[in-house]
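Undergrad: structure, please.
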Amino acid sequence: MSLWRRVGTTTIALGFYDHDDLLRELNRELRGFAYNFEDRVDLVRHEMGHAFSYAYKLYRRDDSARCSTSRATTSRPTPKPTTTSST
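TA: As a prediction, the model looks like this:
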């Protein structure tokens, strides 16, 4: 069993580095990008959809495929690298 996720639970896991200003800046320096506020809201919305689906076992329904399209996966691009000036 995974330490981070228990199968059949409604756990939501988010990167801690996206929710603190200092860690977000460090992440930007190391990975070359950081998610903006709208991206983080979309991520939470997306993960809530997974939690809701698992809580009510919606993935077992015959019509679950038509409900699985999310705005975040269809129209949100991958974050572009940002440049930071070190002054």
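
Undergrad: which strands and helices lie in contact with the longest helix seen in the chain?
TA: In the chain, taking DSSP state H as the definition, the longest helix is helix 37-55. Other elements packing on helix 37-55 under the criterion 3 or more CB pairs under 8 Å, 6 or more residues apart in numbering; DSSP states H and E are helix 71-75. In short, each C-beta sits where N, CA and C put it, glycine included.

Undergrad: any idea of the mean pLDDT for the helix it packs on?
TA: For helix 71-75, mean pLDDT is 48.

Undergrad: re earlier: show the average pLDDT along the longest helix of the chain.
TA: On average, helix 37-55 scores 90.

Undergrad: buried ones in that helix?
TA: Buried positions in helix 37-55, judged by neighbour count with 16 or more other CB atoms under 10 Å: 39-40, 42-43, 50, 53.

Undergrad: alpha carbons only: can I get that helix in PDB?
TA: Only the C-alpha atoms of helix 37-55 are listed here, as PDB (Å, rounded to 0.1, in the frame of the first residue of the first chain):
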ATOM      1  CA  PHE A  37      -3.200  31.100  -9.400                       C
ATOM      2  CA  GLU A  38      -5.600  30.000 -12.200                       C
ATOM      3  CA  ASP A  39      -3.600  26.900 -12.900                       C
ATOM      4  CA  ARG A  40      -3.600  26.000  -9.200                       C
ATOM      5  CA  VAL A  41      -7.400  26.500  -9.000                       C
ATOM      6  CA  ASP A  42      -7.800  24.300 -12.100                       C
ATOM      7  CA  LEU A  43      -5.600  21.600 -10.500                       C
ATOM      8  CA  VAL A  44      -7.600  21.600  -7.300                       C
ATOM      9  CA  ARG A  45     -10.800  21.400  -9.300                       C
ATOM     10  CA  HIS A  46      -9.400  18.500 -11.300                       C
ATOM     11  CA  GLU A  47      -8.300  16.600  -8.200                       C
ATOM     12  CA  MET A  48     -11.700  17.200  -6.600                       C
ATOM     13  CA  GLY A  49     -13.200  15.600  -9.600                       C
ATOM     14  CA  HIS A  50     -11.100  12.500  -9.000                       C
ATOM     15  CA  ALA A  51     -12.000  12.500  -5.300                       C
ATOM     16  CA  PHE A  52     -15.700  12.900  -6.100                       C
ATOM     17  CA  SER A  53     -15.500  10.100  -8.700                       C
ATOM     18  CA  TYR A  54     -13.900   7.700  -6.200                       C
ATOM     19  CA  ALA A  55     -16.200   8.600  -3.400                       C
END
